[in-house]
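Enquirer: Predicted model and sequence below, questions to follow.
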There are 4 protein chains.
Amino acid sequence: MRGRVLSFTLFGESHGKGVGVVITGIPPGIKVSHEELVKELERRKGIPGLSTARSEPDNPIILSGIFRGYTTGTPIAVLFENKDVDSSYYEDIKDKPRPGHADYPARIKYFGYNDYRGGGHFSGRLTVGIVTAGYFAKKILEKYGIRIRAYIKRIGRVEAKQLTLEEILSSENPFCPDEEAFEKMVEEIELARREGDSVGGIVEVVAVNVPPGLGGPYEEDIEADLASAFFRIPAVKGVEFGLGFKVAEKRGSEVNDPYVIRDGKVVTKTNNHGGVLGGITTGMPIIARIAFKPTPSIYLPQRTVDLREMKEVEIKLRGRFDPSIVPRALPVVEGVMAFVLADHLLFRRVWELKSS
Amino acid sequence: MRGRVLSFTLFGESHGKGVGVVITGIPPGIKVSHEELVKELERRKGIPGLSTARSEPDNPIILSGIFRGYTTGTPIAVLFENKDVDSSYYEDIKDKPRPGHADYPARIKYFGYNDYRGGGHFSGRLTVGIVTAGYFAKKILEKYGIRIRAYIKRIGRVEAKQLTLEEILSSENPFCPDEEAFEKMVEEIELARREGDSVGGIVEVVAVNVPPGLGGPYEEDIEADLASAFFRIPAVKGVEFGLGFKVAEKRGSEVNDPYVIRDGKVVTKTNNHGGVLGGITTGMPIIARIAFKPTPSIYLPQRTVDLREMKEVEIKLRGRFDPSIVPRALPVVEGVMAFVLADHLLFRRVWELKSS
Amino acid sequence: MRGRVLSFTLFGESHGKGVGVVITGIPPGIKVSHEELVKELERRKGIPGLSTARSEPDNPIILSGIFRGYTTGTPIAVLFENKDVDSSYYEDIKDKPRPGHADYPARIKYFGYNDYRGGGHFSGRLTVGIVTAGYFAKKILEKYGIRIRAYIKRIGRVEAKQLTLEEILSSENPFCPDEEAFEKMVEEIELARREGDSVGGIVEVVAVNVPPGLGGPYEEDIEADLASAFFRIPAVKGVEFGLGFKVAEKRGSEVNDPYVIRDGKVVTKTNNHGGVLGGITTGMPIIARIAFKPTPSIYLPQRTVDLREMKEVEIKLRGRFDPSIVPRALPVVEGVMAFVLADHLLFRRVWELKSS
Amino acid sequence: MRGRVLSFTLFGESHGKGVGVVITGIPPGIKVSHEELVKELERRKGIPGLSTARSEPDNPIILSGIFRGYTTGTPIAVLFENKDVDSSYYEDIKDKPRPGHADYPARIKYFGYNDYRGGGHFSGRLTVGIVTAGYFAKKILEKYGIRIRAYIKRIGRVEAKQLTLEEILSSENPFCPDEEAFEKMVEEIELARREGDSVGGIVEVVAVNVPPGLGGPYEEDIEADLASAFFRIPAVKGVEFGLGFKVAEKRGSEVNDPYVIRDGKVVTKTNNHGGVLGGITTGMPIIARIAFKPTPSIYLPQRTVDLREMKEVEIKLRGRFDPSIVPRALPVVEGVMAFVLADHLLFRRVWELKSS
């Protein structure tokens, strides 16, 4: 992800030597710890018992950019070594693109030279790099009191009830503040798994204490930068802010948020705009929803094509699949949002001439 | 918008000398015409009679980059001069940010130095530059037989029926192939206008004959680049591809598109993925939906704050407003989509070593 | 030129509607004036009487980004309209590339579609856009007390004597502080002109009061960014900093600048490094020298090739040429240096977390 | 280094876990080998016996982007692990910036948080990443028959005689085709070493078979991109192309290269322009000279400042230093040049619409 100040590049393949990330632009002097990073990465494991995540212990090896517990300001490289995995199975389906996966378009893009084993560079495992980048971005946001919280808004047919910001931010449940809905969500995932299938969902994410004035029109639009970052997360098919698609059904008089004064501060009475107007933050909480499709890997037999023999065939995938990636996506969504916000927050300072 | 090959920068303010665009990266030797460009710009006028667009004749003055009817390969600068406009009214509301507009966050971002008259740099008028950039991008796509068509999917409570690609591409109606729904949409807009209000809507856009292999994972994700471009259009609050948010309710077995062979070509039986998998085009039509909020400018009285006196006040806007910008957004949506596709299409060639 | 904060794009052709520039990233609230800009542009005219610059009055039309005498923070577009020029002559030499000019490589790059009249997009006239961008950058540097001064170090066989910083900065002579040498330089140019020839030269530029800590290693290297900017000026063939090429002949013990304390500040006793070490400013004056080749346009007959008939021919150029562009290059050199320094200066602030 | 197609990011510190590089944009399907890469890296060792390079065996661990001997098209990450080094010595000089090194400006840029041991991120060891990136770029150039060769033009007072392209390209001597001069250069380096000093030099690099039409004016200037890349190599203080600084002394009639026809091809009779006109390649060999300063690390006592106690002190450096880095710079110079040329070569293809 290339920002104005912060950037990161993911590298690695699922069955190669390892995966990792190189992050540039992180300011020097930020206290960080291996433990905190590991803890953040743990969230990628999803719902205990439910998720059948690859058992790989996500152990980050910090190669550079950290010195005596503080960021140095130079590129931060973090490596996650892969444990040897049996890749033989992938030879069987090498020429049979898995429906819903990137196999087919990737084969065309890379002229067939890509490492197809376990999805190669497209493996969900690459998201450890995103969460790592997000960890460092969050440390920057902390200094400004900005907090981000993502939760599961919907799994299949189960949707969480309308929650207040307070409920979202204070919830003990790491997945969904609506305990009742959460139980049903777990059942929904369990059911999909039992049937050898998978299920999609929606993640809602909020960011509070974001100062007004971040972003800008057109090229600087922070809503566009956030949407762009969300869509770079595998399996995302939709993104909306504030009222989102509901604005289409409404009148301007219903959607426009009136300005009011609260405790001497200018705020909007409602937050239908979701914290961004004209591409610029208003100081109100940023609220976004991201739609994730069901894990394309399922146990049910599927129709596809044998690209070598150019004939239609049926495949049955083997391995351990997540019936839903939504729970595991929470730290990834928070991570990219933190990265974009931190980037705009730092960049915002370039115009503050006076204090110089 | 900064692409890998193509970029454009919008400049100008609503009540300044003019607005315009500078486009870079357009290949030399493309036949273009002032007439075609003007025709494309005409589409920005919206539904005749209904739209109350500023009467300004959008006359593009091509300053550079075109020589004897062909693009030269050097930057294309196009200027649209502003006719003198009475700006006095804006002095009254200078300190009273209009709800739903960028007035308030812009004032903070620019420390109060921005030209607030008529929305200044945030004026919808700036989209003439986007349509202009889109015109040149479309000329590139033409050479590859790629076609883009946007139409109104929804206005307020009225939604067009499910349409086939053929219906969408062949329709004579420039706004919506579903004539019946279109009539109701017009009524919906009329109604909003009569009530001094405005109404939102959804634009669906399709691109056909897009070759597979465009885009890539993470940084190269073409779905993310398209979403990013759509969100940079003023008033957009949601973007989705293929099934979009509906994927959240479904099972993997329902969402995964099986591969089949048709006329010796590999295609997917269904197109729930909307033409992009893993950030890469599959060769199937790209389908996206973009949600537009109601025009924030309405005649009904609204609550806001006088920022100088820091007290809540009521404002009643004067001027000529569009009860819905959705009809006028069609060429803008097509324009940014064409720009992103052309950029990826041209960039795709950098890896074709063989033919060199 | 694309910086981290500031960027500008030049557009236009010598015999087209006009030339200009669009500048982005300039902070809002900077007081600017049309008069000052015109005065800066006047410097591009070169030595009165000597230079035979196109009589075109460089009248900048500010299209956007300035409101009531202050920058707004939105893109600044400035247009310079071309007066009608007789282009008929260029038809004769259309297929006969002028030696030393970009005619031949440009014809290949643009597949023959470029506007070849008067050099088209490669015309020296485009530098009005660079000087304009430099003007705004200098206004930023002013706020930090940074001063830039370029002067003619050499013309043909005449070189100015070694000058002190004080002499350079305080000189009344806008072209060269060494009056004696300047007289000889004028003669050298006069001589070249009388002989229908042209002559090259060297510009030395200094920047004082640049804070230490700007730039960085590798990608952030400010020396590389400055060199890159200098080389983008037409006719530049060499760039060096501090001792420059002389370092090749010397020992480390001669070149290393010892640190000393002066008035409680850490400085270097000598300034062989020219203000930059490891790509980062040290706080010492930045000193660079830029070599300009003689104007390729000369009256003497030259050998070239008729590309259509593919045979060698002789051409004799007609028109009004500058026997040396060096005097006219001074504001251009200062302009790009100001732009790069202002960009790094503004960007430097993104890491200053504390004061937030 | 960020190109249009190819980019690389260096990471790591001299005394950290390791150093490395992540390269993006390399096309898939390029046959590469670990052996070839190691061989290229060996050239960084400099003149056998003379250079006292850190004995570290430069063993590249390819983490990603290569699959079964071919590039995959996904990011290539290469790691060089550091052997444990005794860093205790650096604690002594921690607050005493070494003259000529980046110690002092780096301390300011990074607010004192940078890893100062062994120069940290500024260590010459980081150039293994540049040579690695250059290796992959050269594999691309090979496909186009483009060859790059760098040699030592000068060491201290010894300069190689004027050499023909053939002599340069066919020489068996990996450091300098002028055997006689080379012997003297070795003596010059030996002498400097015996005296506890170091010595600078000049590298000349040539690239042949570069097609015409690469690059462009202003932003696309390939001369500027090459200069920019050369200046990002540590210790570079000057860069020139073709006649370089000599153009300042000459007349246009001497400098302009006449076009002639040779074997039915358009070429220039002379090559004073060094292969680039108006920022675009002409098809003639690209010739550049790069000035390297003497290694700042010397054994002679030097004056500096104790930044903690703010008083002037003398330091005597300990360790194993290269009396000249010039011989070791050859593969680095070739590497960055290959990277820039490959980037422009690949990018050039985006405009070739016809063949699509």
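Expert: Thanks, I have it.

Enquirer: Could you tell me which residues of the stretch 51-200 of chain A lie near chain D?
Expert: A:61-65, A:67, A:70-77, A:79, A:109-111, A:113-115, A:120-121 (CB under 8 Å from any CB of the partner chain). Quick note: C-beta positions are derived from backbone N, CA and C, even for glycine.

Enquirer: how about the residues of chain A that lie near chain C?
Expert: A:4-5, A:24-25, A:27-30, A:73-74, A:140, A:143-144, A:217, A:219, A:346-347, A:349-353, A:355-356.

Enquirer: Narrow those to those in strands?
Expert: Those of the residues of chain A next to chain C mapping onto strands are residue A:24, per DSSP state E.

Enquirer: Which ChimeraX command selects the buried ones in the residues of chain A next to chain C?
Expert: With 16 or more other CB atoms under 10 Å in any protein chain shown as the criterion, this ChimeraX line picks the buried residues out of those:
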select /A:4,5,24,25,27,28,29,30,73,74,140,144,217,219,346,347,349,350,351,353
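
Enquirer: mind checking how far stretch A:252-267 is from the chain centre?
Expert: 30 Å (CA atoms, centre = their mean, to the nearest Å).

Enquirer: And stretch A:3-12, by the same measure?
Expert: 14 Å.

Enquirer: Could I get the phi/psi values of residue A:121?
Expert: Note on residue A:121: its backbone torsions stand at phi -70, psi -10 [degrees, to the nearest 10].

Enquirer: ok now do it, which residues does it touch?
Expert: A:12, A:13, A:14, A:114, A:115, B:217, D:64, D:72, D:74, D:75 (CB atoms under 8 Å, 6 or more residues apart in numbering or on different chains).

Enquirer: go again using 6 Å as the cut-off
Expert: Residues in contact with residue A:121, defined by CB atoms under 6 Å, 6 or more residues apart in numbering or on different chains, are A:13, B:217, D:74.

Enquirer: can you list those in CSV and add pLDDT?
Expert: Formatted as CSV, the contacts of residue A:121 follow (pLDDT from 0 to 100):
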residue, pLDDT
A:13, 97
B:217, 97
D:74, 98
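
Enquirer: any idea which of those is closest to chain C?
Expert: residue D:74 (21.2 Å; CB to the nearest CB).

Enquirer: Please list which of the residues of chain A next to chain C are also close to chain B.
Expert: residue A:217 (CB under 6 Å from any CB of the partner chain).

Enquirer: Please narrow the residues of chain A next to chain C to those residing in helices.
Expert: Secondary structure from DSSP state H places A:140, A:346, A:347 of the residues of chain A next to chain C in helices.

Enquirer: what pLDDT does the second one get?
Expert: Pointing back at residue A:346 there. With respect to pLDDT, residue A:346 scores 97.

Enquirer: Any regions of the stretch 1-150 of chain A where pLDDT drops low?
Expert: By pLDDT under 70, the low-scoring segments of the stretch 1-150 of chain A are A:51-57, A:84.

Enquirer: Helices along that one, start to end?
Expert: Using DSSP state H, counting those that start in this stretch, the helices of the stretch 1-150 of chain A run over A:34-42, A:88-93, A:103-109, A:127-142.

Enquirer: would a markdown table of these with distance to residue A:203 be doable?
Expert: Formatted as a markdown table, these follow (distance: least, CB to CB, whole Å):
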| stretch | distance to residue A:203 |
| --- | --- |
| helix A:34-42 | 16 |
| helix A:88-93 | 30 |
| helix A:103-109 | 25 |
| helix A:127-142 | 13 |
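
Enquirer: quick one: low-confidence ranges for the stretch 251-356 of chain A?
Expert: A:354-356.

Enquirer: ok and the residue in it nearest chain D?
Expert: Taking CB to the nearest CB, the stretch 251-356 of chain A has residue A:346 as its residue nearest chain D, at 14.6 Å.

Enquirer: you'd agree that residue is up against residue C:350?
Expert: Yes. Counting by CB atoms under 6 Å, residue C:350 is a contact partner of residue A:346 at 4.2 Å.

Enquirer: hey, what's in contact with both of these two?
Expert: residue A:5.

Enquirer: got the contact list for residue A:326?
Expert: A:152, A:201, A:292.

Enquirer: Quick check: closest non-adjacent residue to it.
Expert: residue A:201 (3.6 Å; CB to CB, 6 or more residues apart in numbering or on different chains).

Enquirer: I'd guessed the one you found sits against residue B:249; true?
Expert: No. Residue A:201 lies out of contact with residue B:249 (CB under 6 Å); the separation is 8.8 Å.

Enquirer: what sits in contact with each of the two?
Expert: By CB under 6 Å, 6+ apart, no residue touches both residue A:201 and residue B:249.

Enquirer: phi, psi of whichever residue of the stretch 51-200 of chain A sits closest to chain B?
Expert: Relative to chain B, the nearest point of the stretch 51-200 of chain A is residue A:102 (2.5 Å; CB to the nearest CB). Dihedral pair for residue A:102: phi -80, psi 0, per degrees, to the nearest 10.

Enquirer: hang on, isn't it packed against residue A:124?
Expert: No. Look at residue A:102 against residue A:124 with CB under 6 Å: they stay out of range, at 11.4 Å.

Enquirer: So for these two, which sits in the more crowded spot?
Expert: residue A:102 (28 against 22; other CB atoms under 10 Å in any protein chain shown).

Enquirer: How much space separates the closest residue to the more buried one other than its chain neighbours from residue C:175?
Expert: Excluding its sequence neighbours, the residue lying closest to residue A:102 (CB to CB, 6+ apart) is residue B:278, at 2.5 Å. Residue B:278 sits at a distance of 60 Å from residue C:175 (criterion: CB to CB, to the nearest Å).

Enquirer: So which of these two has more stuff around it?
Expert: Using other CB under 10 Å as the criterion, residue B:278 and residue C:175 rank with residue B:278 on top: 26 against 21.

Enquirer: Quick one: residues contacting that one.
Expert: Contacts of residue B:278 by CB under 6 Å, 6+ apart are A:102, A:122, B:217.

Enquirer: can the contacts of residue A:121 go into JSON lines with extra columns for distance to residue B:40?
Expert: Shown next, in JSON lines, are the contacts of residue A:121 (distance: CB to CB, whole Å):
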{"residue": "A:13", "distance to residue B:40": "44"}
{"residue": "B:217", "distance to residue B:40": "34"}
{"residue": "D:74", "distance to residue B:40": "38"}
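
Enquirer: Which one of the residues you listed is nearest to residue A:162?
Expert: Ranked by distance to residue A:162 (CB to CB), these are led by residue B:217 at 35.0 Å.

Enquirer: how near is that closest one to chain D?
Expert: 8 Å (CB to the nearest CB, to the nearest Å).

Enquirer: my guess is that residue meets residue B:277, correct?
Expert: No. Look at residue B:217 against residue B:277 with CB under 6 Å: they stay out of range, at 10.6 Å.

Enquirer: ok, now how distant is residue A:202 from chain D?
Expert: 30 Å.

Enquirer: quick one: that residue is in a strand?
Expert: Yes. Secondary structure of residue A:202 (DSSP: H, G, I helix; E, B strand; the rest coil): part of a strand.

Enquirer: picking that back up, with neighbour numbers in mind, choose between residue A:201 and residue B:249.
Expert: residue A:201 (28 against 21).

Enquirer: Give the bridge partners for the more buried one, please.
Expert: Per DSSP bridges, the residues bridged to residue A:201 are residue A:155, residue A:292.

Enquirer: and it, what does it touch?
Expert: A:154, A:155, A:292, A:326, B:248.

Enquirer: Can you select the buried ones from those in ChimeraX?
Expert: Those of the contacts of residue A:201 that count as buried under 16+ other CB under 10 Å are selected in ChimeraX with:
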select /A:154,155,292,326 /B:248
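
Enquirer: Could you report the neighbour count for residue A:35?
Expert: Quick note: residue A:35 (other CB under 10 Å) scores 8 neighbours.

Enquirer: same question but for residue A:301, I mixed them up
Expert: 11.
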